[in-house]
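Novice: curious how this folds, go ahead:
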Amino acid sequence: MNQQTLSAFIWSVADLLRGDYKQSDYGKVILPFTVLRRLDCVLEATKPAVLAELAAKQAQDLNPEPFLLRKAGQSFYNTSTLDLKKLLGDPDYIAQNLFSYVQAFSPAVRDVFERFEFHIQVERLAKAGLLYQVTEKFAQIDLHPEVVSNMQMGLVFEELIRKFAEISNETAGEHFTPREVIRLMVNLIFIEDDDILSKPGVVRTIYDPTAGTGGMLSVAGEYLAEHNPKARLTVFGQELNPESYAICKADMLIKGQDVANIAFGNTLSDDGHSHKKFDYMLSNPPFGVEWKKVEKEVRKEHEQQGYNGRFGPGLPRVSDGSMLFLLHLLSKMRPASEGGSRFGIVLNGSPLFTGGAGSGESEIRRYVLENDLCEAIVGLPTDMFYNTGISTYIWVISNRKPAARKGKVQLIDASGMWQKMRKSLGSKRKELSDAHIDRITRLFGDFVEAHEDDGTPISRIFDNEAFGYHTITVERPLRDDEGNVVLGVKGKQKGKPQPDSALRDTENVPYTEDVGEYFKREVLPHAPDAWIDAEKTKVGYEIPFNRHFYVFKPPRALAEIDAELKQTTDRILDMIKGLSA
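Specialist: Modelled structure (predicted):
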């Protein structure tokens, strides 16, 4: 059963709810029931053995839990004699029986249904006389892992969340990232470590601070399983949205991961994994979302803990918190002496250049570049995400750069690498094909400058310093009505020309240039009386990505344009003649 058929089938449940539920509330019923049916199917084969083991261990007065987990062959179990199909045999008591069935799951699963507020929906369905019909619908779907793989199941959850987000006018993109973008990110963070990852029995950790439904963690696990079935990836995450968190947790349970590693809450104000460090990290934080709600906690950490906390380098403006997630991930990197870390984060365009010298954004870029942490930035096509058509960029950050990359940043312009989707999903109209993903991965792996056949650059390599600059303050003297320079009369300023604030200007001098030489060449010929106020000089960093890939195309020759216009006007005149005839 493919994921479209499956989600269409699940969608048919919505027809039952129409009238009794608002469209925006369909997800509150369909999502937890889908999870319940999946767990129901996963445990079906081992159910008799688990029940027999429970009876035996209770008779021996032993704690049955470790034995039940072993019999279930999962990281969860259910001790009820019921399942969804058996519930249908007693229509009069379906609500009570459904509650006792859910209560018989192990604690981690019960938490999933509490996050969904499942009991509220069961009571509401029972009152509306719909509970039996909804349960019957779900009991008919076969969600056994042999029929629907874990990967397909993850896609089904994402598809459903996207649909519910669309009809309730939420931003679906807050919940997940397109799978092909995740695959590219996973390729980029693992490619340089193929040797390490192919050793048998290797164990690595991966973390996503904005986990959504767990898509990034799942794809990373699939990649490693394909490349080295003997390697083990332990996943960690944190998620703020209760429904996404519940799905992520259920997904991890089924995959045998330790669900205690998935924390609930706001990563910025309440770090669920404080003091932990990770080998790999992935994140797609919300774009352009303000962080006013957590401002108090974030500022407190910045001011009181400085570089011992997460936000030492600086704070971005309150209107866009995405760079706070970049800082959060930097704080989670293992020290290079312990093997180091690499992570990929998706950001919009503003973190590349917003904010002048000395601003929070510039200081964060300065920290990343002066500490030689940025390996590459990949520009993606527009219209790649479900909730926005804007340009997006993957930053690849590492504190264990290979020798060739030391002191360098690679920029890859993949904005032209896309294929049109057969059917748009929200704002998403384009996708990366396997060939595009391979090509971008190869450009990154080869670490060379490259061009398209027509000479357009697609990969460029720069020294870290190329993105730095000094902002100098250029002063001109204040003059009186007769045009004489006004001099200071006391203190440090005595006898010195006083600056005229109306004539004050600033200049950005590339980091690689001598400020004095620049001033002589660019300023003094136009303003011989100017000077630099050295106390106001600031260091800034920006990454003008598009400028480095701009190719000037000269306009067409005037004669060619004239000939074309003449042709058009002649054609119009002929048409007018034809009409008047």
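Novice: shaky segments in the stretch 451-581 of the chain?
Specialist: Low-confidence segments of the stretch 451-581 of the chain (pLDDT under 70): none present.
Novice: cutoff 80 now
Specialist: For the stretch 451-581 of the chain, the stretches with pLDDT under 80 are 552-553, 580-581.
Novice: and for the chain?
Specialist: Across the chain (using pLDDT under 80), the flagged ranges come out as 1-8, 10-11, 158-159, 161-176, 194-195, 198, 386-388, 425-427, 552-553, 580-581.
Novice: longest helix in it, by residue count?
Specialist: helix 558-580 (DSSP state H).
Novice: quick one, what contacts the residue positioned nearest the centre of the chain?
Specialist: Residue closest to the average C-alpha location in the chain (Cα atoms, centre = their mean): N284, at 0.5 Å. By Cβ atoms under 8 Å, 6 or more residues apart in numbering, N284 lies in contact with T177, V181, T210, G212, M216, I345, V346. In short, each C-beta sits where N, CA and C put it, glycine included.
Novice: and the gap between the closest residue to A72 other than its chain neighbours and I247?
Specialist: Among residues not flanking A72 along the chain, T46 sits closest, at 4.9 Å (Cβ to Cβ, 6 or more residues apart in numbering). To I247, T46 is 23 Å away according to Cβ to Cβ, to the nearest Å.
Novice: check contacts around G237.
Specialist: So G237 contacts Y207, D208, P209, A211, G214, L217, C248, N261, I262, A263 (Cβ under 8 Å, 6+ apart).
Novice: how about the helices in the stretch 401-550 of the chain?
Specialist: For the stretch 401-550 of the chain, applying DSSP state H, counting those that start in this stretch gives helices covering 434-446, 515-522.
Novice: most tightly surrounded among these?
Specialist: Sort the helices of the stretch 401-550 of the chain by mean neighbour count, taking mean count of other Cβ atoms under 10 Å, and helix 434-446 sits at the top with a mean of 16.
Novice: elements contacting that one?
Specialist: If contacts are counted by 3 or more Cβ pairs under 8 Å, 6 or more residues apart in numbering; DSSP states H and E, helix 434-446 sits against helix 179-190, strand 374-379, strand 408-413.
Novice: can you list these in CSV and add distance to D20 and mean neighbour count?
Specialist: Formatted as CSV, these follow (distance: least, Cβ to Cβ, whole Å; neighbours: other Cβ atoms under 10 Å):
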stretch, distance to D20, mean neighbour count
helix 179-190, 34, 22
strand 374-379, 47, 23
strand 408-413, 51, 22
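Novice: right, so of the ones you listed, which gets closest to V109?
Specialist: helix 179-190 (25.9 Å; Cβ to Cβ).
Novice: kindly export that closest one (C-alpha atoms) in PDB.
Specialist: Backbone C-alpha positions of helix 179-190 (Å, rounded to 0.1, in the frame of the first residue of the first chain) are rendered in PDB as follows:
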ATOM      1  CA  ARG A 179      12.700  14.400   2.600                       C
ATOM      2  CA  GLU A 180      15.100  15.100  -0.300                       C
ATOM      3  CA  VAL A 181      16.500  18.200   1.500                       C
ATOM      4  CA  ILE A 182      17.100  16.000   4.600                       C
ATOM      5  CA  ARG A 183      18.800  13.300   2.400                       C
ATOM      6  CA  LEU A 184      21.100  16.000   1.000                       C
ATOM      7  CA  MET A 185      22.000  17.300   4.500                       C
ATOM      8  CA  VAL A 186      22.600  13.800   5.800                       C
ATOM      9  CA  ASN A 187      25.000  13.200   2.800                       C
ATOM     10  CA  LEU A 188      26.900  16.400   3.500                       C
ATOM     11  CA  ILE A 189      27.400  15.700   7.200                       C
ATOM     12  CA  PHE A 190      28.400  12.000   6.700                       C
END
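Novice: still on that earlier bit, count of residues packed around the residue nearest to A72?
Specialist: Per other Cβ atoms under 10 Å, the neighbour tally for T46 reads 18.
Novice: next, the buried residues of stretch 486-504.
Specialist: Residues of stretch 486-504 classed as buried by neighbour count (16 or more other Cβ atoms under 10 Å): P497, P499.
Novice: show me what it is in contact with.
Specialist: T473, V474, E475, R476, P477, L478, R479, D480, V485, D529, W531, D533.
Novice: using CSV, list the CA coordinates for it.
Specialist: Output in CSV follows, covering the C-alpha atoms of stretch 486-504 (Å, rounded to 0.1, in the frame of the first residue of the first chain):
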residue,chain,number,x,y,z
VAL,A,486,36.3,75.0,14.7
LEU,A,487,38.9,73.8,17.3
GLY,A,488,38.2,72.2,20.7
VAL,A,489,38.9,74.4,23.7
LYS,A,490,39.3,72.0,26.6
GLY,A,491,40.3,68.5,27.7
LYS,A,492,41.5,66.0,25.2
GLN,A,493,39.9,67.9,22.3
LYS,A,494,41.9,71.2,23.0
GLY,A,495,43.3,72.5,19.8
LYS,A,496,41.9,69.6,17.7
PRO,A,497,39.4,70.1,14.8
GLN,A,498,35.9,69.3,16.0
PRO,A,499,33.9,66.8,13.8
ASP,A,500,30.8,67.9,12.0
SER,A,501,28.1,65.2,12.7
ALA,A,502,26.2,66.3,9.6
LEU,A,503,29.2,65.3,7.4
ARG,A,504,30.1,62.1,9.3
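Novice: gap between it and the chain center?
Specialist: 51 Å (Cα atoms, centre = their mean, to the nearest Å).
Novice: please apply the same query to stretch 283-291.
Specialist: The chain centre lies 8 Å from the centre of stretch 283-291; the measure is Cα atoms, centre = their mean.
Novice: for that stretch, buried residues please.
Specialist: In stretch 283-291, counting by 16+ other Cβ under 10 Å, buried: S283, N284, P285, P286, F287, W291.
Novice: closest one of those residues to P555?
Specialist: F287 (35.5 Å).
Novice: for the closest one, give its distance to F343.
Specialist: 18 Å.
Novice: repeat for S433
Specialist: Distance of S433 to F343, computed by Cβ to Cβ: 25 Å.
Novice: of these two, which one has the most company?
Specialist: Between S433 and F343, counted using other Cβ under 10 Å, F343 has the larger neighbour count: 28 against 12.
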